[in-house]
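Undergrad: Okay, predicted coordinates and the sequence, questions at the end:
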Amino acid sequence: MHVGMGAFALMLRWLTPWQAVLMALAALILNAFFLHRITGGRLLRSEERGSRFSRGVVLYPAILLLTFIVFRSRLELAAGIWALLAVGDGMAALSGLALRGPRLPWNPKKSWSGLVAFIVFGTAASAWVIRWVQRAGTWTVGGSVLSGGLLTLGESDASGRIGDAFLLGGVVGDAGATGVSGSLSFLVIGCLVATTAAALAESLDTKADDNVLVPVVGGAVLWMATLVDPELLVRAGVAGAWPAVWLAGLVITVPITFMAYVARAVDRSGATVGVLLATVLYAYAGWPGLVMLGGLMVVGTGVTQWAYTRKEVLGVAEGRGGRRGIGSVVANAGAGVAFAILAVVTPYYEAFTIAMVAAFATALFDTTATELGQAFARRQVLITTWRAVPEGTTGGVSVLGTLSGVGGATVLAVLAWAMGLISGAAVLAVVLGAFFGSTLESFLGATMGKGSRSDHHLRNLVNTVAGAGMAWGLFAFQAYLGGRTELP
């Protein structure tokens, strides 16, 4: 049933956006109130038979409804997201049950066969469905007619005319449509990256439902892939990330990461991934980007080590002596590195640079607020109820912790301004974005509970992305007031 419902994605070739919304709404009503009566409860899992309610069956059409609304002008992306949810996630479950095999080191409940199946089938299905939906329609571009279009970026007005727009694998300009050889390859690569991100998110041992996690992660990456300009991507590979620059990045980052390991700031897995992320960051953002990551590492490690002894006394200290592993490193630095790459390979350098700075600032806000707040605050309250809670309670906030977080984010934002990464006006947007992201993380912690280590890392990743998104939104609003319209 889960996989088979994906066949309806083929209808998006002919449906209007609001017809797609009505289809998802009808499915939501059917699944929530009538499906289990019609099937006699045969689609319920064993643990659901008592309540006769299946959360996954309801979330499936609900998330599609939200997807159709968000991507109402880009239904080919909605189709690709649907394929990830139906085929990728479904085949991962089927392959894991049928083939089994070695288990994933970060989640023994999942297997390598399921992860590989998700990536292979999800990539193929999403790329094929996107291209299927793209083949429909006709657009006028620069006076030329583009039939069976490959359009994925740039919204048309009522007449169907589009200004500068990017194709998934080609560029359309005012002078007319120009194809790029290898556009299918670009489409497949974009789907592969999105599917891999969704598959890794699905493989985590978290309380988050796959019917939400897969579309959100996969959809976000697919959308960002449509912003990539192939010419800028090639140029970045030739002029920016060529072997000498990568080698220089390794020479710089390996000794620093080794010192962090010796200082008990990271474990082996964290150090290994840290070297990779720092090298990529240096290749695409140079010294300023590396300084951002270094500021997060130095200040974050400092407050962690300072607060650790006090937290041990209170009984709220984490294990491993405060060392950060691969999950913590990726959750806190992964989004910033991704935004640094997008700043170079898309036409939106300024916007994604602000997002990069905000992602690192949000991670530092969360680290300083959590460490100092738990260790030294006299009173903590649960963010959802504002009632006093013991130190270390997930979702607890304090005045001292919040002020510490604001201070940490401000230091990083001002440092970015001093290096010319962002304008002075963007400093406030970065700090406000960091506050928003960390507040959201506290809210999620209060509603979800402590959960597993993967839940904690997932919340930290959401925290950095949300902080970057808010800073980006504030910057875009400011730019709009100033009459600028080139932001994505």
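TA: Thanks, I have it.
Undergrad: Just give me the residue right at the centre of this protein.
TA: Most central in the chain under Cα atoms, centre = their mean is residue 217, positioned 5.3 Å from the mean C-alpha point.
Undergrad: Skipping its backbone neighbours, what lies nearest that one in space?
TA: residue 201 (4.3 Å; Cβ to Cβ, 6 or more residues apart in numbering). C-betas here are computed from N, CA, C, even on glycine.
Undergrad: Next, the contact list for that neighbour, please.
TA: 213, 214, 217, 458 (Cβ atoms under 8 Å, 6 or more residues apart in numbering).
Undergrad: so how far is residue 263 from it?
TA: Separation of residue 201 from residue 263 (Cβ to Cβ, to the nearest Å) stands at 31 Å.
Undergrad: Kindly report the same for residue 339.
TA: Taking Cβ to Cβ, one finds residue 339 at 27 Å from residue 263.
Undergrad: swap in residue 453?
TA: Applying Cβ to Cβ to residue 453 and residue 263 gives a distance of 22 Å.
Undergrad: So between these two, which is more surrounded?
TA: residue 453 (17 against 11; other Cβ atoms under 10 Å).
Undergrad: In contact with the nearest residue to the more buried one once chain neighbours are set aside, which residues?
TA: Nearest residue to residue 453, sequence neighbours excluded (Cβ to Cβ, 6+ apart): residue 327, at 6.5 Å. Counting by Cβ under 8 Å, 6+ apart, residue 327 touches 106, 453, 454, 457.
Undergrad: Make JSON lines from the residues you listed and add pLDDT, secondary structure and distance to residue 474 to it.
TA: As requested, the contacts of residue 327 are arranged in JSON lines below (pLDDT from 0 to 100; DSSP: H, G, I helix; E, B strand; the rest coil; distance: Cβ to Cβ, whole Å):
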{"residue": "106", "pLDDT": "82", "secondary structure": "coil", "distance to residue 474": "35"}
{"residue": "453", "pLDDT": "78", "secondary structure": "helix", "distance to residue 474": "32"}
{"residue": "454", "pLDDT": "81", "secondary structure": "helix", "distance to residue 474": "31"}
{"residue": "457", "pLDDT": "86", "secondary structure": "helix", "distance to residue 474": "26"}
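Undergrad: Using a markdown table, please lay out those together with distance to residue 7.
TA: Formatted as a markdown table, these follow (distance: Cβ to Cβ, whole Å):
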| residue | distance to residue 7 |
| --- | --- |
| 106 | 33 |
| 453 | 37 |
| 454 | 32 |
| 457 | 35 |
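Undergrad: closest to residue 302 among the residues you listed?
TA: residue 457 (21.3 Å; Cβ to Cβ).
Undergrad: my read: the closest one touches residue 330, true?
TA: Yes: at 7.3 Å, residue 457 and residue 330 qualify as touching, with contact defined as Cβ atoms under 8 Å.
Undergrad: Flag the shaky bits of the protein, pLDDT-wise.
TA: Low-confidence regions of the chain, defined by pLDDT under 70, span residues 136-182, 237-242, 307-322, 483-488.
Undergrad: per-domain residue ranges of it.
TA: Annotated domains of the chain cover 4-153+163-226, 230-481 [automatic domain parsing].
Undergrad: what about the strands in the stretch 51-200 of the chain?
TA: Under the criterion DSSP state E, counting those that start in this stretch, the stretch 51-200 of the chain contains strands at 103-104, 107-111, 138-141, 144-147, 161-162, 165-167, 170-173, 176-178.
Undergrad: partner residues bridging residue 382?
TA: Assessed by DSSP bridges, residue 382 has beta-bridge partners residue 396.
Undergrad: show me what contacts it?
TA: Contacts of residue 382 (Cβ under 8 Å, 6+ apart): 389, 393, 395, 396, 397, 446.
Undergrad: Give me the helices and strands touching the longest helix belonging to the chain, please.
TA: In the chain, assigned by DSSP state H, the helix with the most residues is helix 268-314. The contact analysis (3 or more Cβ pairs under 8 Å, 6 or more residues apart in numbering; DSSP states H and E) places helix 268-314 against helix 243-262, helix 326-345, helix 349-376, helix 399-418.
Undergrad: Can you say which of these is packed in most?
TA: Most buried of the helices and strands packed on helix 268-314, by mean neighbour count (mean count of other Cβ atoms under 10 Å): helix 349-376, with a mean of 28.
Undergrad: and that one, what other elements does it pack with?
TA: Helix 349-376 sits against helix 268-314, helix 326-345, strand 396-397, helix 399-418, helix 424-448, helix 453-481, with contacts defined as 3+ Cβ pairs under 8 Å, 6+ apart.
Undergrad: starting at the chain centroid, how far to stretch 429-442?
TA: Taking Cα atoms, centre = their mean, to the nearest Å, one finds stretch 429-442 lying 16 Å from the centre of the chain it belongs to.
Undergrad: do the same with stretch 405-413
TA: With Cα atoms, centre = their mean, you get 23 Å for stretch 405-413.
Undergrad: Can you tell me what sits against it?
TA: 292, 295-296, 299, 303, 357, 360-362, 364-369, 422, 426-427, 430-431, 434-435, 438.
Undergrad: again, 6 Å this time
TA: 295, 299, 360-361, 364-365, 368-369, 427, 430-431, 434, 438 (Cβ atoms under 6 Å, 6 or more residues apart in numbering).
Undergrad: Next, give me the two most distant ones among the residues you listed.
TA: Most distant of those, by Cβ to Cβ, are 369 and 427, 18.6 Å apart.
Undergrad: How about the secondary structure of the closest residue to residue 1 other than its chain neighbours?
TA: In space, and not counting its chain neighbours, residue 1 is closest to residue 43: 6.4 Å by Cβ to Cβ, 6+ apart. Following DSSP: H, G, I helix; E, B strand; the rest coil, we place residue 43 in the coil state.
Undergrad: For residue 43, give me the backbone phi and psi.
TA: phi -90, psi 0 (degrees, to the nearest 10).
Undergrad: so residue 364 makes contact with residue 295?
TA: No: if you go by Cβ atoms under 6 Å, residue 364 and residue 295 don't touch, sitting 7.1 Å apart.
Undergrad: which residue sits closest to residue 465 in space, ignoring its chain neighbours?
TA: Closest to residue 465 by Cβ to Cβ, 6+ apart is residue 335, at 5.1 Å.
Undergrad: Now do the contacts for that neighbour.
TA: Per Cβ under 6 Å, 6+ apart, neighbours of residue 335: 359, 464, 465.
Undergrad: Adding distance to residue 73, write those out as a markdown table.
TA: Output for the contacts of residue 335, formatted as a markdown table (distance: Cβ to Cβ, whole Å):
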| residue | distance to residue 73 |
| --- | --- |
| 359 | 27 |
| 464 | 28 |
| 465 | 22 |
